[in-house]
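Visitor: quick one, structure for this:
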Amino acid sequence: MFKEYTKDFYGTSGINVPGVVTIEGKVMGGWIQYAFGLTVSAWLAHHFYIQWRYSIDREFLEERAYSWFVEVATYLGEVSITGETGKRKLPLSSSL
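Guide: Next up is the predicted model:
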């Protein structure tokens, strides 16, 4: 579901998650800075990482978290641009 959303909304591979969804994961819309955030999946990946570091559960890492990390990295690699300093940055943001 989220891979289709990412492809349709951002035109990229990988996975991003809408910031505002129903319990079933359907896009609800709303205030655009939250509803269509570029980094929602990255924040979720960070939570997966923290869960893994807390538990050191290899099964969780192999069966749930690792594939998520790969999909998020794919998405971020395609949606981000390389700046003048060689660092990757998001092309659009509501932050200053």
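Visitor: CA atoms for contacts and neighbours, from now on please.
Guide: Noted.
Visitor: which strands or helices does the helix or strand harbouring residue 8 pack on?
Guide: Of the helices and strands defined by DSSP states H and E, residue 8 is found in helix 2-10. Secondary-structure packing of helix 2-10 (3 or more Cα pairs under 8 Å, 6 or more residues apart in numbering; DSSP states H and E): no helix or strand packs against it.
Visitor: run the chain-centre distance for that helix.
Guide: Mean C-alpha position of helix 2-10 versus that of the full chain (Cα atoms, centre = their mean, to the nearest Å) differs by 11 Å.
Visitor: now that helix: buried residues?
Guide: 2, 3, 5, 6, 10 (16 or more other Cα atoms under 10 Å).
Visitor: residue 92 belongs to a strand?
Guide: No - counting by DSSP: H, G, I helix; E, B strand; the rest coil, residue 92 is not part of a strand but coil.
Visitor: let the chain start at 39 from now.
Guide: Okay, using 39 as the starting number, the last item reads as residue 130.
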